[in-house]
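> got a predicted model here, sequence first, then my questions.
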Amino acid sequence: MPNIKLFSGSSHPDLAQRVVDRLGIELGRVVTKKFSNMETCVEIGESVRGEDVYIVQSGSGDINDNLMELLIMINACKIASACRVTAVIPCFPYARQDKKDKVGHGKKKVDVLAYLESISIDIDWRTFELHMAACLCPGGEAIADNHNTYRKENGRDRLNVEFALIHKERKKANEVQSMVLVGDVKDRIAILVDDMADTCGTVCHAAEKLAEAGATRVYAILTHGIFSGPAISRINNANFEAVVVTNTIPQEQHMKECPKVQCIDVSMIFAEAIRRTHNGESVSYLFSNVPY
């Protein structure tokens, strides 16, 4: 693949390495460091003039620092005369703050998008969110969706199984006020699907609801396993057979601390999306086809 460079930010170098291995190219040389006042410094270690540049940086770990690092890397590549710069963001920062439901609350996801667009880069932040169903559809008897009806119906159609809906109302962030199960899961394997899990209070509460409603086994399939605070302890004590996540966020430590956590490698989707974008091919093919 000529005229292409891929660089990794500090958030998830393992995923970036997996992507370049699948593409058959070398990971670009970059040095990131901090000055004594904790300002971020980035040095691109090779020429990107006229190149199609991709920067992999996930919204995990030190989110604010990693977001600033991404912006500085983008700027450094533009100044160095890159032909095109594409940000590949497996887990988009501030994505959970995408609704303005109270006076004085901003839509942080929109703010981040607006800034990225204002500096005129190509944004590939949607890649994995759009292909979750194609990659994660499991086998089972009932899908219980924790929020998103479109995602639920997508999974149901692919598996040809029944579904249930868990409706929740939040008192505040990370705290659910009420939860109601709509549908029948009695004597069935229940597969709980959600886009992300942070402290895991909601998903563990949902698992309890499914068990109380007669589900024989409960699995969770989560796109982004953030697992902050008491999350791992809660999963260990919950009635899950397994909690399946992707490596949009590093999961090695989580898997060591919790044997229920299992991880699916999604580098093949990012690699194929990058290859297709670079070659001017259709990316929509990936909506229903998973590369291996």
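Nice, I can see it. On a predicted model such as this, the values are computed, not experimentally measured, just so you know.

> tell me where this protein is predicted with low confidence.
Per-residue confidence of the chain (counting by pLDDT under 70) places the weak regions at 96-160, 170-177, 290, 292.

> repeat that with 50
Across the chain, the stretches falling below the confidence threshold (pLDDT under 50) are 103, 123-127, 130-131, 133-134, 138-141, 149-150.

> longest helix in this structure, please.
If you go by DSSP state H, the chain has its longest helix at helix 63-79.

> what packs against that helix?
Counting by 3 or more C-beta pairs under 8 Å, 6 or more residues apart in numbering; DSSP states H and E, the packing neighbours recorded for helix 63-79 are strand 40-44, strand 52-56, strand 84-88. The C-beta positions use only the backbone N, C-alpha and C, and glycine is treated the same way.

> count the residues that sit near Ala95.
By the measure other C-beta atoms under 10 Å, the count of residues near Ala95 is 18.

> let's verify it: helix, strand, or coil?
Under the three-state scheme (DSSP: H, G, I helix; E, B strand; the rest coil), Ala95 adopts coil.

> wouldn't it be in contact with Gly59 here?
Yes: applying C-beta atoms under 8 Å as the test, Ala95 and Gly59 come out as touching, 7.0 Å apart.

> thinking again about what came up before, pick the most buried one from the helices and strands packed on helix 63-79.
Counting by mean count of other C-beta atoms under 10 Å, strand 52-56 has the highest mean neighbour count of those, with a mean of 26.

> which residues in the stretch 151-292 of the chain form strands?
Ranges of strands within the stretch 151-292 of the chain are 162-172, 175-182, 189-197, 217-225, 242-246, 261-264, based on DSSP state E, counting those that start in this stretch.

> return the fourth one as PDB; C-alpha atoms alone will do.
Taking only C-alpha atoms (Å, rounded to 0.1, in the frame of the first residue of the first chain), the coordinates of strand 217-225 have been written out as PDB:
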ATOM      1  CA  ARG A 217     -28.100 -18.000  31.600                       C
ATOM      2  CA  VAL A 218     -27.100 -14.400  31.100                       C
ATOM      3  CA  TYR A 219     -24.300 -13.100  28.900                       C
ATOM      4  CA  ALA A 220     -23.300  -9.500  28.200                       C
ATOM      5  CA  ILE A 221     -21.900  -8.200  24.900                       C
ATOM      6  CA  LEU A 222     -20.600  -4.600  25.200                       C
ATOM      7  CA  THR A 223     -18.900  -2.600  22.500                       C
ATOM      8  CA  HIS A 224     -16.700  -0.500  24.800                       C
ATOM      9  CA  GLY A 225     -15.600  -2.000  28.200                       C
END
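
> just use 24 as the starting number from now, easier for me
Taking 24 as the first residue, the last one we looked at is strand 240-248.

> which other helices and strands contact it?
Contact partners of strand 240-248 among helices and strands, from 3+ C-beta pairs under 8 Å, 6+ apart: helix 155-159, strand 212-220, helix 224-235, strand 265-269.

> now the second one against helix 224-235, angle please.
Pointing back at strand 212-220 there. Inter-element angle recorded for strand 212-220 and helix 224-235: 170 degrees (by axes from the mean of the first three to the mean of the last three C-alpha atoms, to 10 degrees).
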